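Student: A predicted structure for the sequence below; I have some questions about it.
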Amino acid sequence: MANAIRALSMDAVEAAKSGHPGMPMGMADVATVLFTRFLKFDASEPNWPDRDRFVLSAGHGSMLLYALLYLTGYPGISIDDIKNFRKLGSPCAGHPEYGHAPGIETTTGPLGQGLANAVGMAIAERHLGARFGNDLVDHKTYVLASDGDLMEGISHEAISLAGHLKLSNLIVLFDDNAITIDGALSLSDSTNTLERFKAAGWATRALDGMDSSAIAEALEWAQTSDRPVLLACRTIIGFGLPTRQGTQKAHSDAPGAEEIAGARTGLEWPDAPFVIPDGLRDAWFAAGARGGSARKEWAARLASSDKRNAFTAAQSGDIPAELAPALHAFKAKMAAEKPSIATRKASEAALEIINTIVTTTIGGSADLTPSNFTKTKATADIVPGDSTGRYVRYGIREHGMAAAMNGMALHGGVIPYGGTFMVFTDYCRPSIRLAALMGQRVIFVMTHDSIGVGEDGPTHQPVEHVASLRTIPNLFVFRPADPVETAECWEIALNAKSRPSVLALSRQNVATVRDEHSDDNLSARGAYVLREAEGQAQVTFLATGSEIEIAVKARELVQAQGIGARIVSMPCWELFEQQPAAYREEVLGKGTLKVAIEAAIGFGWERYIGADGIFVGMKGFGASAPYKDLYKHFHITAEDAAAAALAALKNKG
């Protein structure tokens, strides 16, 4: 059965003339034991909520996963798909991509990401088990990880968090083949991996990854651990390739016809490429159906459970209808009271409402809870031994937090959000990008979003970050201006099931500029006219976030000169781009001078202000000083914006 994986892997890589045969051929025995004896799944129902998750963190070895899914009878991958490995239109992409076929639990390839996703999956399983009971939620997450996964920095964040939370439902199968692309692992690393994991609170065991009995014994032992488990499986990379096995040459690239022929002889596999003997196909199909009875028993328990409706609602991911009127009331209150508060505090106020109604949210922060304001009365901490809470103390692990939240979203049943400072999106970016690529609803709460950070200086003042995030496809980047827009942006993010969101929130207080209440979510159009001109419009001020307040004052100064000026708030460019062309043209104010104001670099604004427009913002890094002094120093004030507009109009004649 393991040789069936090896044969399909080497044949597919050879046909594609590219790929990574080494890991699938080396870990075939481990995968076979796992899928035939331990993994709880039913290939006929790939989305069974209580299935075990299998994460191929070593995504370069994707043919291992595709072979397993085909052999066990998952829908979505045919032998023709495998023959077209790495070709356009085949679900068998170079690295596993979530959504391409059932059974691909996450997109992997950037090393370490799958491991950290798995930590989030394990957290979600623990929480849902605590909420709904182990008769409905009781499964494990298995990870196949490589040396590369464990060398990436994100692995340290992931394994230390998992060890701290005692996630005994997490089992990592480490492909301990002692080979990297450059050659022997010893060229670049001498870490005692087992001791490293032990120090992080894991149970560990080393075993012969080519011996099915040893593999089964180790997996049996792992089932009853009270801690997460690392099984270091000593394997031979590219096992079966006569001149390449055990060397870096087995890692990647097509082996060649001669090497493939030698492997067929050595493995006693006489069958033609992509042909699996009927007896082996039957055995693998039986493995794929092995969990059918367990799934049916689970379905019966769900049908008779008094928690069925709540469980089904959580799995649907739908937002309760009660949220919209509650947020409408909050918006009306803010419009009436007109508080001057930071949008991070407005976010906290909105979350108090959200987390009471949307009971599937799981919040968290990378050790910045008192600054991000991401914790509410309804979200107790998730702690070792008690996962009933809805708040994760991620510690100073921004990258691990972001990837774990992706894993939670992929698991289902929960809606994750987590906070840190906007400048640390640099640490989160690979995971934010993957959330967008996978179309996952993950909400990244990024506070301290500009030079408004103040005294902490340029290391903590994001200037290029918002522009950079706006370049990621399928990502909503929200920069709300006041409490009303903040609530609206939260509502949009929560209802966006197939894309992640970044909320860019201010450290400093801002005025409430939406002082006329409307139940309509104006932010949902991405941009809208906040203030019309008095008289004929000659100037349109475009702004986001905390700079809307500056735009309001700049408009007053320009209007005082008898010149009509408008204000457009642009909380989400991505949503604005989705609007009809006529709406966009109307909002931007055809024929008016465009003045954009944002306390960040101007990259991207040219599409809205045009060649003759003016950008008032940053041209370099910030400085350490009180934020009001910084805005004056960098000429991001109402006076500067108004003067620039008036000068441009004068020069225009």
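Tutor: Looks like it arrived, so ask away. Numbers count the residues shown, from 1 in each chain.
Student: show me what contacts residue 598?
Tutor: Neighbour list for residue 598: 466, 543-545, 547, 605, 615-617 [criterion: Cβ atoms under 8 Å, 6 or more residues apart in numbering]. Quick note: C-beta positions are derived from backbone N, CA and C, even for glycine.
Student: Could you please name the strands whichever strand in the chain runs longest pairs with and the direction of each pair?
Tutor: Using DSSP state E, we find that the single longest strand of the chain is strand 593-601. Neighbouring strands of strand 593-601 in its sheet, by DSSP bridges, are strand 537-543 (parallel), strand 614-618 (parallel).
Student: coming back round to it: of the contacts of residue 598, just say which sits nearest to residue 128.
Tutor: residue 466 (34.3 Å; Cβ to Cβ).
Student: mind checking how far whatever helix or strand the closest one lives in is from the chain centre?
Tutor: Assigned by DSSP states H and E, residue 466 belongs to helix 465-470. What separates the centre of helix 465-470 from the centre of its chain is 16 Å, taken as Cα atoms, centre = their mean, to the nearest Å.
Student: what does stretch 41-59 give?
Tutor: That offset, for stretch 41-59, works out to 19 Å (Cα atoms, centre = their mean).
Student: Pull out the buried positions in that stretch.
Tutor: Buried residues in stretch 41-59, defined by neighbour count with 16 or more other Cβ atoms under 10 Å: 41-43, 45-46, 48-59.
Student: Keep only those of those that are in strands.
Tutor: Mapping these onto strands (DSSP E) picks out 53-56.
Student: name the element the nearest residue to residue 157 once chain neighbours are set aside belongs to?
Tutor: Distances taken as Cβ to Cβ, 6 or more residues apart in numbering place residue 400 nearest to residue 157, at 2.9 Å, with adjacent residues excluded. Counting by DSSP H and E, the element that carries residue 400 is helix 398-411.
Student: Quick one: residues contacting the residue nearest to residue 157.
Tutor: Listed by Cβ under 8 Å, 6+ apart, the contact set of residue 400 reads 116, 119, 154, 157-158, 161, 394.
Student: Can you check those and name whichever has the most neighbours?
Tutor: Counting neighbours by other Cβ atoms under 10 Å, residue 158 leads these with 35 neighbours.
Student: what sits up against the host helix or strand of that residue?
Tutor: Using DSSP H and E, the element containing residue 158 is helix 153-165. Applying Cβ under 8 Å, 6+ apart, the external contacts of helix 153-165 come out as 112-113, 115-116, 118-119, 122-123, 126, 145, 149, 170, 196-197, 200-202, 227-228, 382-384, 394-395, 397, 399-401, 403-404, 430.
Student: Only the buried members of the residues you listed: can you turn that into a ChimeraX selection?
Tutor: In ChimeraX, a selection of the buried entries from those looks like this (16+ other Cβ under 10 Å):
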select :112,113,115,116,118,119,122,123,126,145,149,170,196,197,200,201,202,227,228,382,394,395,397,399,400,401,403,404,430
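Student: Would you double-check that residue 565 falls in a strand?
Tutor: Yes. Residue 565 forms part of a strand when assessed by DSSP: H, G, I helix; E, B strand; the rest coil.
Student: That one against residue 540, yeah?
Tutor: Yes. Counting by Cβ atoms under 8 Å, residue 565 does reach residue 540; the two are 7.3 Å apart.
Student: mean confidence for stretch 42-56?
Tutor: Mean pLDDT, stretch 42-56: 98.
Student: what's the first-to-last distance across it?
Tutor: Stretch 42-56 has an end-to-end distance of 18 Å (Cα to Cα, to the nearest Å).
Student: again, but for stretch 219-231
Tutor: Start-to-end, stretch 219-231 (Cα to Cα) is 8 Å.
Student: With stretch 368-380 instead?
Tutor: OK, stretch 368-380 end separation, Cα to Cα: 16 Å.
Student: average pLDDT for that stretch?
Tutor: Rounded mean pLDDT across stretch 368-380 is 98.
Student: ok, and for it, which residues are buried?
Tutor: Across stretch 368-380, burial judged by 16+ other Cβ under 10 Å covers 368-369, 372-376, 378-379.
Student: Residue 362 and residue 392: what is the separation?
Tutor: 7 Å (Cβ to Cβ, to the nearest Å).
Student: Between the two, which has more neighbouring residues?
Tutor: residue 392 (28 against 25).
Student: follow-up on the earlier one: export the longest strand of the chain as CSV, just CAs?
Tutor: Extracted in CSV, the C-alpha atoms of strand 593-601 (Å, rounded to 0.1, in the frame of the first residue of the first chain):
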residue,chain,number,x,y,z
LEU,A,593,-9.4,69.3,-7.5
LYS,A,594,-8.6,66.1,-5.5
VAL,A,595,-6.7,66.5,-2.2
ALA,A,596,-6.0,63.2,-0.4
ILE,A,597,-5.0,63.2,3.3
GLU,A,598,-3.6,60.1,5.0
ALA,A,599,-0.8,59.9,7.6
ALA,A,600,1.0,57.3,5.6
ILE,A,601,2.9,57.2,2.3
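Student: quick revisit: widest-spaced pair of the buried residues of stretch 368-380?
Tutor: Greatest spatial distance among these (Cβ to Cβ): 368 and 378, at 19.6 Å.
Student: Kindly list the longest helix within the protein.
Tutor: helix 113-132 (DSSP state H).
Student: and the angle for that one with helix 153-165?
Tutor: Inter-element angle recorded for helix 113-132 and helix 153-165: 20 degrees (by axes from the mean of the first three to the mean of the last three Cα atoms, to 10 degrees).
Student: Please list all residues in contact with the residue lying closest to residue 322 once chain neighbours are set aside.
Tutor: Spatial nearest neighbour of residue 322, chain neighbours left out: residue 357 (5.2 Å); criterion: Cβ to Cβ, 6+ apart. Residues in contact with residue 357 (Cβ under 8 Å, 6+ apart) are 320, 322-323, 326.
Student: What of residue 554?
Tutor: Contact analysis of residue 554 by Cβ under 8 Å, 6+ apart lists 541, 565, 595, 597, 638-639, 641-642, 645.
Student: Could you identify which of those has the most neighbours?
Tutor: Top of the contacts of residue 554 by neighbour count (other Cβ under 10 Å): residue 541, with 33 neighbours.
Student: Return the residues in contact with that residue.
Tutor: Counting by Cβ under 8 Å, 6+ apart, residue 541 touches 551, 554-555, 565-568, 595-597, 641, 645.
Student: Angles on the backbone of residue 174, please.
Tutor: Residue 174 has phi and psi values of phi -90, psi 120 when expressed as degrees, to the nearest 10.
Student: now the residue nearest the centre of the chain, what's its secondary structure?
Tutor: Nearest residue to the geometric centre of the chain (Cα atoms, centre = their mean): residue 435, 3.2 Å. Taking three-state DSSP as the rule, one finds residue 435 in the helix state.
Student: and it, how far is that from residue 550?
Tutor: Distance, residue 435 to residue 550, using Cβ to Cβ: 32 Å.
Student: what does residue 477 give?
Tutor: According to Cβ to Cβ, residue 477 stands 20 Å off from residue 550.
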